[in-house]
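Peer 1: give the three-dimensional model of this entry:
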Amino acid sequence: MDESDKKIIELLQQDGRLEDVEIARRTGISHDTVKRRRKKLEETGYIKIQANINPCKFGYTNVFFMGISLIPGTDSRKIAEKLAAMKEFFFVVLSLGPTHAIVAACFAREQIALNKIVEELRTWKEIEKIETNIIYEVLKSGYHDIPVAAL
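Peer 2: Modelled structure (predicted):
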């Protein structure tokens, strides 16, 4: 990755809908070069262009993060994949630390929906403990905020 790639990424971070012609104009790089480089950045996994939704506009007023501790000896990847397959979860990761298993996040239209999810998870014999955090304000979110210069 060189400075031209970084310039392309910086512009796409500001507006992922920018067309290659506009990126070329702003960077001084030829249109064909921008098109080729953008395609390569996407194919190699450096960038992914996607729409970010605002869950509140869809009626989801509650966002929850859960720390899920598993019974020793449990295959944490298997349980994480099972959680990831559930439509309610939009974020599922394996973690180390106090939870030392899985961190998962979901959003719901009402808090009763969270209760139903937690009650279902409590029936899973592999889960030892669930710590739930209700997110009331997001100050920063997204990898798109990482300055390219820091990479």
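Peer 1: residues contacting the residue nearest in space to the middle of the chain?
Peer 2: Closest residue to the average C-alpha location of the chain: Phe91 at 6.0 Å, with C-alpha atoms, centre = their mean. Neighbour list for Phe91: Phe65, Val103, Ala104, Ala105, Cys106 [criterion: C-beta atoms under 8 Å, 6 or more residues apart in numbering]. In short, each C-beta sits where N, CA and C put it, glycine included.
Peer 1: what is the nearest of those residues to Ile135?
Peer 2: Phe65 (6.3 Å; C-beta to C-beta).
Peer 1: mind putting the contacts of Phe91 in JSON lines, pLDDT and distance to Ile112 included?
Peer 2: What follows is the contacts of Phe91, written out as JSON lines (pLDDT from 0 to 100; distance: C-beta to C-beta, whole Å):
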{"residue": "Phe65", "pLDDT": "90", "distance to Ile112": "18"}
{"residue": "Val103", "pLDDT": "90", "distance to Ile112": "23"}
{"residue": "Ala104", "pLDDT": "91", "distance to Ile112": "19"}
{"residue": "Ala105", "pLDDT": "89", "distance to Ile112": "18"}
{"residue": "Cys106", "pLDDT": "89", "distance to Ile112": "13"}
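Peer 1: so which pair among those residues is furthest apart in space?
Peer 2: Longest distance between any two of these is 11.5 Å, between Val103 and Cys106; criterion C-beta to C-beta.
Peer 1: which neighbours do those two share?
Peer 2: Residues touching both Val103 and Cys106 by C-beta under 8 Å, 6+ apart: Met66, Phe91.
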